[in-house]
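# Got a predicted structure here, sequence first:
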Amino acid sequence: MAHPYHHALSSARLWGGVPEDYLSLHSWFDQSKLIIADYRHRALRHHAEGIFMLEQMYGTTRRLSTGRIIPTRWIGEQHVREDLGRIPSFADWVRAIRPEPWMGRATTLRFEDAPRGGRA
Ligand SMILES: [Zn+2]
């Protein structure tokens, strides 16, 4: 798996500046390694919505140390393409999840049992 620093090096080659101009954004993408240590961690942020979440987190544009301003989404698109070869939608990831009974198990909600004005 590519390290965020290597993605940042790639960004600097593409748009100028230094890896540190990009490292926090690439690290945000890969923070999901905290919860799963193999490539499945990518299901959390490596998709089209994840790229838009990056934009919401870091703003529409990024000012580089050179003064150049680039769209934040360019950086997200680069990261996802370098890891996956394309930009999937979240639906692509969901199709790969095998449904299990516990995922749809519902219980009666307590408020439905409570009489009006009574204790829940
Ligand atoms: Zn990644």
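That came through, no problem.
# so where do the helices sit in this protein?
4-15, 23-30, 48-58, 72-84, 90-95, 110-113 (DSSP state H).
# could I get those helices as JSON lines with mean neighbour count, mean pLDDT and distance to the ion?
For every residue, glycine as well, the C-beta is placed using N, CA and C. Shown next, in JSON lines, are those (neighbours: other C-beta atoms under 10 Å; pLDDT from 0 to 100; distance: least, C-beta to the ion, whole Å):
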{"stretch": "helix 4-15", "mean neighbour count": "18", "mean pLDDT": "98", "distance to the ion": "7"}
{"stretch": "helix 23-30", "mean neighbour count": "19", "mean pLDDT": "98", "distance to the ion": "5"}
{"stretch": "helix 48-58", "mean neighbour count": "16", "mean pLDDT": "98", "distance to the ion": "10"}
{"stretch": "helix 72-84", "mean neighbour count": "19", "mean pLDDT": "98", "distance to the ion": "4"}
{"stretch": "helix 90-95", "mean neighbour count": "12", "mean pLDDT": "97", "distance to the ion": "13"}
{"stretch": "helix 110-113", "mean neighbour count": "8", "mean pLDDT": "72", "distance to the ion": "41"}
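# Select, out of those helices, the one closest to L64.
Of all these, helix 4-15 sits nearest to L64, with 6.8 Å by C-beta to C-beta.
# Outside of that closest one itself, list whatever touches it.
For helix 4-15, the surrounding residues in contact (C-beta atoms under 8 Å, 6 or more residues apart in numbering) are 17-23, 26-27, 29-30, 64, 68, 70, 74-75, 78-79, 82.
# Please save the CA atoms from it in CSV.
Output of helix 4-15 as CSV, limited to C-alpha atoms (Å, rounded to 0.1, in the frame of the first residue of the first chain):
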residue,chain,number,x,y,z
PRO,A,4,0.5,9.1,2.3
TYR,A,5,4.0,10.6,1.9
HIS,A,6,4.5,8.8,-1.4
HIS,A,7,1.1,10.2,-2.6
ALA,A,8,2.3,13.6,-1.5
LEU,A,9,5.6,13.2,-3.4
SER,A,10,3.5,12.4,-6.5
SER,A,11,1.3,15.5,-5.9
ALA,A,12,4.4,17.7,-5.7
ARG,A,13,5.6,16.3,-9.0
LEU,A,14,2.2,16.9,-10.6
TRP,A,15,1.4,20.4,-9.4
